[in-house]
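Colleague: starting from these lines, generate the structure:
(one chain, ligands or ions: 2)
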Amino acid sequence: MEEEIKRQNEYIDKCREWLSYKEKEKGRKLTACVNTFGCQMNARDSEKLIGILEKIGYVITESENADFVIFNTCTVRENANLKVYGHLGHLSNVKKKNPDMIVGLCGCMMQEPTVVEKIKKSYRFVDIIFGTHNIFKFAEIFYNRIENDRMTIDIWEGTEQIVEDLPVKRQFPFKSGVNIMFGCNNFCTYCIVPYVRGRERSRKPEDIINEIKRLVADGVVEVMLLGQNVNSYGKNLPNPMTFAELLTEVEKIEGLERIRFMTSHPKDLSDELIEVMKNSKKICKQLHLPLQAGSSRILKIMNRHYDKEKYLELVDKIREAVPDISLSTDIMVGFPGETEEDFLETLDVVDKVRFDCAYTFIYSKRTGTPAAAMEDQVPEDVVKDRFNRLLEHVNKIVNENNGKDIGKVMEVLVEEKNPQLDGYVTGRLSNSTVVHMVGDMSLIGKIVNVRLDESKGFYYMGTIIE
Ligand code: 5AD
Ligand code: SF4
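Modeller: Ligands and ions are numbered 1, 2, ... in the order given. Here you go, the predicted structure:
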């Protein structure tokens, strides 16, 4: 592995040489833009890409009129794919005016052979394509493109390799995502993730702990431990370890103030984890626990390995242990065969749990998944109607929950200068709710006590208490 890092650093150096030659030719610095779609895992991967691009010497910009544009794609729902094709259509015109522009595609969508075929055929101007397993090879793939001057494609079907210690550019100086595992073994029948992200691989605990210690030394106070199913962390390590045990170790890191994690699968959320959450001073009062559906019949066909009762019991157990926890979830409507009664079961769970936040989705057929081949796909108008009813239900409950902490003094991690209100900063409570308050840039990255004065729906206006 050290060999590999050395190799990649050599490619970064070669790309840097090429870039400085280009800078002279153009008489200016060159810019790069990484546009990220999808989840926190992709966001973290993009930080790795930006780290490498900066090391090469690019100036990072948010504009797609850059000299190098990369799309880090998502394919979890068809909409995500359509968005990428939309952007590519636009870029084809931009590139006609600036033929030196380099366009790269990576991420989950590229792990689907039909997508790559389509790009090869209809989007010939794309320069490099790589997947989710070989992001660490980005500089090498880029250099191959420079040398050969033609579309360079490098996609791996899977990997056992976890390459550590390449450059990373964090989006925030004081908080960071930390991958603890990659891939997923669950094969929920609607989901394409196991096909594009591969089998579950856990990073070694010592590598995770060392990374967090380095981050803390560099000013990070909050980490988000990332994995498709963090609750099954460590099962396949040479010395197996549970997620709860990992959290206990992370908690011991001095200087680290807040720990978040996602995503938790209800089937694997152990009593041990609940106990650790209950006793922790650092684990945030927030849990994302995807429900997907409320009907036990549908959950079974989804291959979720829990039923309605088990989910509700789990929620009770968590709330009993950590009463002020904020619960968020993912819910899907229109899974094949979903009847009106099934849907009403979903609404019933929403009513019973009273989630603080729910991400709602319309089922999207993903080619290659078992659900795509199921008969009984639900007609579009029925799905739309259910989706609207679900949204109404969720919004009503979320609105009723809003403002429940008004008058309390709570800890806020200040994250940024408020982009709209002059003289204000914005931060988050442990449960992730946004708070705006008067303050200056010197507070960014600090945890302050704030009185919550006023609720404005999903955020508070507060005052810092000395
Ligand atoms: N259609 C709709 N939503 C999906 N999700 C995953 N696969 C699909 C699909 N085929 C949702 C799930 C998951 C979230 C990340 O995306 O709710 O929890
Ligand atoms: Fe997809 Fe299920 Fe794995 Fe989540 S747990 S990534 S929904 S297969």
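Colleague: next to ligand 2, which bits of the stretch 201-350 of the chain? Give me the list.
Modeller: Taking CB under 6 Å from any ligand atom as the criterion, the stretch 201-350 of the chain approaches ligand 2 at residues 228-229, 265. (Each C-beta comes from the backbone N, C-alpha and C, glycine too.)
Colleague: let's have those in a markdown table, adding pLDDT, secondary structure and distance to residue 365.
Modeller: Formatted as a markdown table, those follow (pLDDT from 0 to 100; DSSP: H, G, I helix; E, B strand; the rest coil; distance: CB to CB, whole Å):
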| residue | pLDDT | secondary structure | distance to residue 365 |
| --- | --- | --- | --- |
| 228 | 94 | coil | 20 |
| 229 | 94 | coil | 23 |
| 265 | 97 | coil | 22 |
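Colleague: closest residue of the stretch 351-466 of the chain to ligand 2?
Modeller: residue 369 (8.9 Å; CB to the nearest ligand atom).
Colleague: show the contacting residues for that residue.
Modeller: By CB atoms under 8 Å, 6 or more residues apart in numbering, residue 369 lies in contact with 189-192, 195.
Colleague: of these, which is the nearest to residue 258?
Modeller: Lowest distance from residue 258 to those (CB to CB) belongs to residue 191, with 29.3 Å.
Colleague: what about the closest one, neighbour count?
Modeller: 21 (other CB atoms under 10 Å).
Colleague: residue 392 now?
Modeller: Neighbours of residue 392 using other CB under 10 Å come to 11.
Colleague: contact partners for it?
Modeller: Contacts of residue 392 (CB under 8 Å, 6+ apart): none.
Colleague: in what element of secondary structure is it found?
Modeller: helix 380-401 (DSSP states H and E).
Colleague: one more: residue 310?
Modeller: Using DSSP H and E, residue 310 falls in helix 308-321.
Colleague: show me what that helix is packed up against.
Modeller: helix 271-279, helix 296-301, strand 326-333, helix 340-353 (3 or more CB pairs under 8 Å, 6 or more residues apart in numbering; DSSP states H and E).
Colleague: direction included, what does the very next helix or strand once past the first one pair against?
Modeller: Where DSSP H and E defines the elements, the next helix or strand beyond helix 271-279 is strand 286-288. Here the strand partners of strand 286-288, with direction, are listed using DSSP bridges: strand 326-333 (parallel).
Colleague: which residues does the longest helix seen in the chain contact?
Modeller: The single longest helix within the chain, with elements called by DSSP state H, is helix 2-26. Helix 2-26 has contacts (CB under 8 Å, 6+ apart) with 29-30, 52, 55-58, 136-137, 139-140, 142-143, 146, 161, 163-167.
Colleague: return the mean pLDDT over it, rounded to an integer.
Modeller: In this model, helix 2-26 has a mean pLDDT of 93.
Colleague: give me the pLDDT for residue 164.
Modeller: Residue 164 carries a pLDDT value of 69.
Colleague: ok, the one 3 residues further on next?
Modeller: According to the per-residue confidence, residue 167 scores 80 in pLDDT.
Colleague: what residue in the stretch 301-450 of the chain comes nearest to ligand 2?
Modeller: Closest point on the stretch 301-450 of the chain to ligand 2, by CB to the nearest ligand atom, is residue 304, at 7.5 Å.
Colleague: residues from the protein in reach of ligand 1?
Modeller: Residues of the chain lying close to ligand 1 (CB under 6 Å from any ligand atom) are 76-77, 190-191, 290, 292, 330, 332, 361, 363-364, 366.
Colleague: what lines up beside the strand or helix carrying residue 411 in the sheet?
Modeller: Using DSSP H and E, the element containing residue 411 is strand 409-417. Partner strands for strand 409-417, per DSSP bridges, with pairing direction: strand 424-429 (antiparallel), strand 447-455 (antiparallel).
Colleague: confidence score at the closest residue to residue 348 other than its chain neighbours?
Modeller: Spatially, and ignoring its direct neighbours in sequence, residue 348 is nearest to residue 294 (5.8 Å; CB to CB, 6 or more residues apart in numbering). Here, the pLDDT recorded for residue 294 equals 98.
Colleague: cool, the one 5 residues further on as well?
Modeller: With respect to pLDDT, residue 299 scores 98.
Colleague: tell me who's in contact with it.
Modeller: 292-293, 306-308.
Colleague: Throw these into JSON lines and include neighbour count, thanks.
Modeller: Formatted as JSON lines, the contacts of residue 299 follow (neighbours: other CB atoms under 10 Å):
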{"residue": "292", "neighbour count": "24"}
{"residue": "293", "neighbour count": "26"}
{"residue": "306", "neighbour count": "20"}
{"residue": "307", "neighbour count": "16"}
{"residue": "308", "neighbour count": "20"}
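Colleague: relative to residue 273, which of those is nearest.
Modeller: The closest of the contacts of residue 299 to residue 273 turns out to be residue 306 (CB to CB; 15.0 Å).
Colleague: was I right about the closest one contacting residue 266?
Modeller: Yes: with contact defined as CB atoms under 8 Å, residue 306 counts as touching residue 266 (4.9 Å).
Colleague: please consider this matter closed, and thank you.
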